[in-house]
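Enquirer: no sequence on this one, just coordinates:
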């Protein structure tokens, strides 16, 4: 497959990209010989590495946002929602976990996310439409993880990065929690702190990376981490968290982050690809030969700045999502040229906003099954039809 005349989202001239199997084979400023391969030509489009969502709970992405005031910390929030929203929580948890996970995958794919770092109990999905990264040692938090000190210092897992919610609050408890985590890391394990709202620049050097989830933070705490101070000491990654604390659209989260101005455009862009790929040691996150072919092409809404077209991207103007060299989602306008290459494959036509997309699999069947358990669920897309192309 060859992608022609696509402009890298981080700037530069339009390029042609050749994909062989699961990897990028060639990136060229000059025309690549098609060799009878599928060749897709684009006009006024940007290409970017598939987004890396470094923090999500895939089985919690059918929840509505829960909570009705500003909290001091995640413990206070958790206690409140389990008291005040028992029925809502029970209704979602009544949906089989596998179906909730599948929807979490689609939620991410619709936004051009090709890799999710899932936090919590491992998921088991055959032939997943995105990469689910779980080569981590997950601890929920110091307050809610039983025997966390013993688990943190498990020598059998010392080579895995420890991913843990920490400092998710604005009070003294949140600050002390980070200090306690640092002091009990006896094996000197690589720590990836999620949220880190209460983290100071003195605490940050003890962490390999921080996963920034600003929309979730503002929803719960009306405050987010001082990323502009912490970025000098730890790599900054980007996460959406689940729909319990943020809306489904990853691009809204990214726009909020840009408006805050704590990262430069380049830093924020790379928190979603290159920096995240380095932290998780995965072969994606860049548009370069030999990298895994996880790519997104979107119609460009150009602005004056270098990254304006990237930050203007929304699910509606995504033209194609490629994961491991496989087309997972594409705009309806591309069907005539893609039909031959995708013959015999299962896709669903859906409406996202005012645009129509094809997404791999029978999303309509999944949505109908979920609705049988939770009739009031509201999906961000409308299912039109399923078909074998």
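Expert: Received, thanks. Quick caveat: nothing in here was measured; it's all calculated off a predicted structure.

Enquirer: work out for me the element the closest residue to residue 241 other than its chain neighbours sits within.
Expert: Nearest non-adjacent residue to residue 241, counting by CB to CB, 6 or more residues apart in numbering: residue 216, 3.9 Å away. Where C-beta positions appear, they are placed from N, C-alpha and C, glycine not excepted. Here residue 216 sits within helix 214-221, counting by DSSP states H and E.

Enquirer: show me what that helix is packed against.
Expert: helix 250-260 (3 or more CB pairs under 8 Å, 6 or more residues apart in numbering; DSSP states H and E).

Enquirer: the domain parsing of this protein - what is it?
Expert: Under the assignment automatic domain parsing, the domains of the chain span 2-50+284-388, 52-280.

Enquirer: center of the chain - which residue?
Expert: The chain has residue 53 as the residue nearest its centroid, 2.3 Å off, counting by CA atoms, centre = their mean.

Enquirer: so for the host helix or strand of that one, what gets flagged as buried?
Expert: Using DSSP H and E, residue 53 maps to strand 51-56. Neighbour-count burial for strand 51-56, counted by 16 or more other CB atoms under 10 Å, picks out 51, 52, 53, 54, 55, 56.

Enquirer: what segments of the stretch 51-200 of the chain are helices?
Expert: Assignment of helices within the stretch 51-200 of the chain using DSSP state H, counting those that start in this stretch yields the ranges 74-84, 86-93, 97-109, 148-152, 172-183.

Enquirer: return the most buried member of those helices.
Expert: Mean neighbour counts were compared across the helices of the stretch 51-200 of the chain using mean count of other CB atoms under 10 Å; the top stretch is helix 97-109, at a mean of 22.

Enquirer: circling back to that earlier point, tell me if I'm right that the residue nearest to residue 241 and residue 243 touch.
Expert: No - applying CB atoms under 8 Å, one finds residue 216 not in contact with residue 243, separated by 9.9 Å.

Enquirer: need the domains of the chain in JSON lines with mean pLDDT, can you?
Expert: Shown next, in JSON lines, are those (pLDDT from 0 to 100):
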{"stretch": "domain 2-50+284-388", "mean pLDDT": "95"}
{"stretch": "domain 52-280", "mean pLDDT": "97"}
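
Enquirer: can you say which of those is packed in most?
Expert: Among the domains of the chain, domain 52-280 has the highest mean neighbour count (mean count of other CB under 10 Å), at a mean of 19.

Enquirer: how far away from the center of its chain is that one?
Expert: With CA atoms, centre = their mean, to the nearest Å as the basis, domain 52-280 stands 11 Å off its chain's centre.
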